[in-house]
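A.B. asks: Model the following, please.
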Amino acid sequence: MGGVMIAPAVSELLSGCQAGPDARYTPVFFTPPEMACIRAAADRLLPRTATPGAIDAGVPQFIDLMAKEALSKRDQETFRTAIVVLEGRAVKGYGKAFVSCLPEQQDEILRVMESAAAGERRANLMARPFFWLFKELTLLGYFTSEAVATQVLRYEPVPGRYESCAPLSKYPAAWAS
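C.D. replies: So this is what the prediction gives:
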């Protein structure tokens, strides 16, 4: 009887140890289906290779927080509308939701949206197309994450060590002329 009662708790504990960085994340701006779409798109832009990917770096959570705290109402609306468009392209082209599409299909949808963003920008230089905003937030979230700072970039916890008497030949010639 005790085993039957404790099994679900043990199962939850063990599965919790294997979950990714956003397994228990509750969105603050986007709905869970919108977050799933953002997660899938971010993963296609920066997939895991020998280095951490967007998911490992917590990029979807970063985008969610930035959308709530830093984006203008107009950019928030642009994001929500673009997710509907993204989903519509997936359903129209492949008969299923974006997150259910194969990686190649997701890549094709994102390429089409990137091309549309370039055209929108050429037509209106003041435009802030979704895809550009999405890429900007994805890269910002990625390169400012702890995972990337410590595993990909040169990480110095206290940069700029002071050396009072060091020969110039020790440092690369990066001086302005």
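
A.B. asks: so who does the residue most central in space within the chain touch?
C.D. replies: Note on the chain: the residue nearest the mean C-alpha position is residue 59, at 3.2 Å, using C-alpha atoms, centre = their mean. Contact analysis of residue 59 by C-beta atoms under 8 Å, 6 or more residues apart in numbering lists 42, 46, 137, 138, 141, 142, 145. Using the backbone N, CA and C atoms, a C-beta is placed for each residue, glycine as well.

A.B. asks: Tell me the first helix or strand C-terminal of the lowest-mean-pLDDT helix or strand in the chain.
C.D. replies: In the chain, no helix or strand scores lower on mean pLDDT, DSSP states H and E than helix 2-18, which sits at a mean of 41. Following helix 2-18 in sequence order, the next helix or strand is helix 32-45 (DSSP states H and E).

A.B. asks: now what about that following helix, what contacts it?
C.D. replies: With C-beta under 8 Å, 6+ apart, helix 32-45 has contacts from 22, 25, 27, 30, 53-55, 59-60, 63-64, 80, 83, 86-87, 97-99, 103, 106-107, 110, 134-135, 138.

A.B. asks: ok and the next helix-or-strand element following that helix relative to helix 32-45, angle-wise?
C.D. replies: Proceeding N to C from helix 32-45, the next assigned helix or strand is helix 59-69, under DSSP H and E. Orientation of helix 59-69 against helix 32-45 (axes from the mean of the first three to the mean of the last three C-alpha atoms, to 10 degrees) gives an angle of 130 degrees.
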